[in-house]
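**Student:** Need the 3D shape of this:
(one chain, ligands or ions: 2)
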Amino acid sequence: MSSPIEILRSVFGFDQFIGLQQPIINNVMAGGDCLVLMPTGGGKSLCYQIPSMLRPGVGVCVSPLIALMQDQVQGLTQMGVRAACLNSSLDPQDAWEVEQQLVSGQLDLVYVAPERLCRPGFLDLLARCNPCLFAIDEAHCVSQWGHDFRPEYMQLSVISERFPGVPRLALTATADEPTQRDIVRNLGLERATVYATGFDRPNIRYAVQPKDHPQQQLLRFIRESHPGDSGIVYRLSRKKVEQTAAFLEKNGIIALPYHAGLSKQERYRNQEQFMRGEGMVMVATVAFGMGVDKPNVRFVCHLEPPKSLEAYHQETGRAGRDGLPASAWLCFGLQDIAILRSMIESGEADEARKRVEHAKLGSLFAFLETAGCRRQALLGYFGEHTAPCGNCDTCLNPVETWDGTVAAQKALSNIFRTGSRFGAAYLAEVLVGKTSERARRFQHTELSTWGIGTELTLEQWKSVYRQLAAFGLLTVDMEQHSALTLNERSWTVLRSEREVRLRTDPVIAPRSVRARGP
Ligand code: ADP
Ligand code: ZN
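**Tutor:** Ligands and ions are numbered 1, 2, ... in the order given. This is a model prediction of the structure:
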């Protein structure tokens, strides 16, 4: 019988195991459970593929992604591995054949969609074919706290109940503490060894800009830092996806839209084109990307922030899988803070869940507003501690911070004086005393806050308001045209019970965020 390293060399054509592959495989071979936390591209697949080939019986991999399953199976069969998949894309005849292969012991590895695995009939069938391991890919989908929750994953607890002695591996590229706890609980992994290779992606350069004219900013970023490169641009809504794709096309950049509103065929066509093509930009909602394995994606841009640092880490992680320099670039403004907060509020989740989502969003905003190293902030969220990286915008162009307590007090009392009915742009005008028809009509020129902020510019005041919103020191009322309002925490600032440290937004200098050339 061969050993794992022999299989690695003779079947997969690699010399050495990388990262934690060897100890993981050893543990599975010995019948142990594993929780594998490895970044995308870290080599998770071999961790269950090799044991499936070596252990008697069939390995079962649960994956939510049909396209990815098919790619994997195709790759494996080309190398002579006896693998197949079972999902909704197979016609009944083909599915029947795969099931026959399964029962007659002709397969080393079968990929199954979660909903199919959990059918009672299928579990009975599996019980007859001696499963040798269960690999649960994209295991974070089991967590309700996660950004990719899939209800069908909840039923996977049936695996540990039906097949208690069979080793289980849960694999994921992104899981913070609460998500990890859910994975352990729902998949019965209390006794699993945890393997974490670190979440850092050193070749990705992180940069964040305040939002001004997002599409123009994006265009400038692509032209200056990534002309002719492949990249992904995330937007929050279908409409914005369409707009931005059209905008890029108009400006000479090949761009394809991707969102759930397109037909299946269109989505498939665009994805195929992007995967095979060079120098194309995929403009997409989060519907795009899970399982996307294009090694030379050179940049991932967000024109709206995602919902959590987990989502951010996963989405930006699609850049630079080949290890060459790549960029993660994001721009955001006060409006985004308001929209993301109100999406949570208007959602159907219960109060406990909403609290967790708000907290996750808060961590994300802190990352976006940090004056320190972005990588430190990002990895810190996953419990990893590192030195400043030298490869993010704040490391390359250190950001100054200043004691913004007085400015924050002026900004907040201005909200109060004007009756909590106005947005940041107009509030900034009041602070610098910019006369306008509106100011005269509301007699704001008579207010005590009129013109008390001439030490800062309009842009700087808008930055102050954005940062206060990001820190939760004021609330943006979406029902009232994004009017800024005070909350309990605002009063701690107004009563001088806390200091407010603010960052000086750098003047947007696209050259300074240029990615290192290969
Ligand atoms: P993940 O599932 O963690 O995103 P994959 O399993 O798809 O990662 O592996 C990422 C890439 O690394 C693949 O192209 C794979 O062929 C390659 N790879 C995996 N293990 C090794 C190894 N031991 N030596 C060299 N390359 C490897
Ligand atoms: Zn850094």
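**Student:** Up against ligand 2, what does this protein have?
**Tutor:** Residues of the chain that fall close to ligand 2, judged by C-beta under 5 Å from the ion: 373, 375, 389, 392, 395. Any C-beta I mention is one placed from the backbone N, CA and C, and that applies to glycine too.
**Student:** how many other residues sit next to residue 381?
**Tutor:** Under the neighbour criterion other C-beta atoms under 10 Å, residue 381 is assigned a count of 21.
**Student:** ugh, wrong one, residue 182
**Tutor:** Residue 182 has 21 nearby residues by other C-beta under 10 Å.
**Student:** Flag the shaky bits of the stretch 401-518 of the chain, pLDDT-wise.
**Tutor:** 507-518 (pLDDT under 70).
**Student:** those strands in it, which residues are they?
**Tutor:** For the stretch 401-518 of the chain, strands defined by DSSP state E, counting those that start in this stretch occupy the ranges 401-403, 475-477, 483-485, 501-503.
**Student:** partners of the first one, with directions?
**Tutor:** The pairing partners recorded for strand 401-403 under DSSP bridges are strand 501-503 (antiparallel).
**Student:** how close does the residue sitting nearest the centre point of the chain get to ligand 2?
**Tutor:** By C-alpha atoms, centre = their mean, the chain has its centre lying nearest to residue 311, at 2.1 Å. To ligand 2, residue 311 is 20 Å away according to C-beta to the ion, to the nearest Å.
**Student:** That residue and residue 147 touch, don't they?
**Tutor:** Yes - with contact defined as C-beta atoms under 8 Å, residue 311 reaches residue 147; the gap is 4.1 Å.
**Student:** Spit out the residues that contact these two alike.
**Tutor:** Both residue 311 and residue 147 are in contact with residue 286, where contact means C-beta atoms under 8 Å, 6 or more residues apart in numbering.
**Student:** hmm, back to that, would you turn the strands of the stretch 401-518 of the chain into a markdown table with mean neighbour count and distance to ligand 1?
**Tutor:** Converted to a markdown table, the strands of the stretch 401-518 of the chain look like this (neighbours: other C-beta atoms under 10 Å; distance: least, C-beta to the nearest ligand atom, whole Å):
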| stretch | mean neighbour count | distance to ligand 1 |
| --- | --- | --- |
| strand 401-403 | 12 | 37 |
| strand 475-477 | 20 | 37 |
| strand 483-485 | 21 | 42 |
| strand 501-503 | 18 | 34 |
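**Student:** can you put those strands in TSV and add distance to residue 121?
**Tutor:** Listed next are the strands of the stretch 401-518 of the chain as TSV, based on distance: least, C-beta to C-beta, whole Å:
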stretch	distance to residue 121
strand 401-403	62
strand 475-477	51
strand 483-485	56
strand 501-503	58
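**Student:** Widest-spaced pair of the residues of the chain next to ligand 2?
**Tutor:** The span of the residues of the chain next to ligand 2, defined through C-beta to C-beta, is set by 375 and 395 at 7.8 Å.
**Student:** did I read that right, residue 283 in a strand?
**Tutor:** Yes - in this structure, residue 283 lies within a strand as judged by DSSP: H, G, I helix; E, B strand; the rest coil.
**Student:** What is the burial count for it?
**Tutor:** Neighbours of residue 283 using other C-beta under 10 Å come to 30.
**Student:** Which one of the strands of the stretch 401-518 of the chain lies nearest to residue 208?
**Tutor:** Comparing those by C-beta to C-beta, strand 501-503 comes nearest, at 10.6 Å.
**Student:** From residue 77, how far out is whatever residue of the stretch 1-150 of the chain ends up closest to ligand 2?
**Tutor:** Distances between the stretch 1-150 of the chain and ligand 2 by C-beta to the ion are smallest at residue 39, namely 17.2 Å. Applying C-beta to C-beta, to the nearest Å, the value for residue 39 to residue 77 is 27 Å.
**Student:** okay, the two: which has more neighbours?
**Tutor:** Under the neighbour definition other C-beta under 10 Å, residue 39 and residue 77 were set side by side, and residue 39 has more, 21 against 12.
**Student:** Let's verify that one: helix, strand, or coil?
**Tutor:** Residue 39 is classified as coil under three-state DSSP.
**Student:** Quick check: closest non-adjacent residue to it.
**Tutor:** Excluding the flanking residues, the one nearest residue 39 by C-beta to C-beta, 6 or more residues apart in numbering is residue 173, at 5.3 Å.
**Student:** rewinding a little: now do the residue of the stretch 1-150 of the chain closest to ligand 2, the pLDDT please.
**Tutor:** At residue 39, the pLDDT value in this model is 81.
**Student:** Surely it is in contact with residue 201?
**Tutor:** Yes - using C-beta under 8 Å as the test, residue 39 is close enough to residue 201 to be in contact (6.0 Å).
**Student:** who touches both of those two?
**Tutor:** Residues touching both residue 39 and residue 201 by C-beta under 8 Å, 6+ apart: residue 317.
**Student:** in a helix, that's where residue 313 is, yeah?
**Tutor:** Yes - counting by three-state DSSP, residue 313 is part of a helix.
**Student:** Help me confirm that it comes into contact with residue 380.
**Tutor:** No - contact criterion C-beta under 8 Å: residue 313 and residue 380 do not qualify, at 11.9 Å.
**Student:** which element is residue 170 on?
**Tutor:** For residue 170, the host element (DSSP states H and E) is strand 168-172.
**Student:** on contacts alone, who are the packing partners of that strand?
**Tutor:** Under the contact definition 3 or more C-beta pairs under 8 Å, 6 or more residues apart in numbering; DSSP states H and E, strand 168-172 sits against strand 34-37, helix 45-54, strand 131-136, helix 177-186.
**Student:** 7 Å instead, please
**Tutor:** Applying 3 or more C-beta pairs under 7 Å, 6 or more residues apart in numbering; DSSP states H and E, we find strand 168-172 packed against strand 34-37, strand 131-136.
**Student:** Mind checking the pLDDT average for that strand?
**Tutor:** Averaging pLDDT residue by residue across strand 168-172 gives 96.
**Student:** Ok, stretch 222-237 next?
**Tutor:** Computed over stretch 222-237, the average pLDDT equals 97.
**Student:** same thing with stretch 50-68?
**Tutor:** So the average pLDDT for stretch 50-68 ends up being 93.
**Student:** Tell me what angle the strand holding residue 170 forms with helix 177-186.
**Tutor:** 160 degrees (axes from the mean of the first three to the mean of the last three C-alpha atoms, to 10 degrees).
**Student:** What pairs with strand 168-172, parallel or antiparallel?
**Tutor:** With DSSP bridges as the test, strand 168-172 pairs up with strand 34-37 (parallel), strand 131-136 (parallel).
**Student:** Could you dump these into CSV with mean neighbour count and distance to ligand 1 added?
**Tutor:** As requested, those are exported to CSV (neighbours: other C-beta under 10 Å; distance: least, C-beta to the nearest ligand atom, whole Å):
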stretch, mean neighbour count, distance to ligand 1
strand 34-37, 26, 9
strand 131-136, 25, 11
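**Student:** rewinding a little: and the gap between the residue nearest to residue 39 and residue 130?
**Tutor:** For residue 173 relative to residue 130 (C-beta to C-beta), the value is 30 Å.
**Student:** Settle it for me: which of those two has more neighbours?
**Tutor:** residue 173 (22 against 14).
**Student:** got a list of what the more buried one touches?
**Tutor:** 38, 39, 40, 314, 317 (C-beta atoms under 7 Å, 6 or more residues apart in numbering).
**Student:** residues in contact with the first one?
**Tutor:** With contacts defined as C-beta under 7 Å, 6+ apart, the neighbours of residue 38 are 19, 44, 173, 197.
**Student:** can you check the fourth one too?
**Tutor:** Contacts here follow C-beta under 7 Å, 6+ apart; on that basis residue 314 touches 173, 174.
**Student:** Strands of the stretch 201-350 of the chain, residue ranges please.
**Tutor:** Under DSSP E, counting those that start in this stretch, the stretch 201-350 of the chain gives strands at 204-210, 230-234, 255-258, 281-284, 297-302, 326-332.
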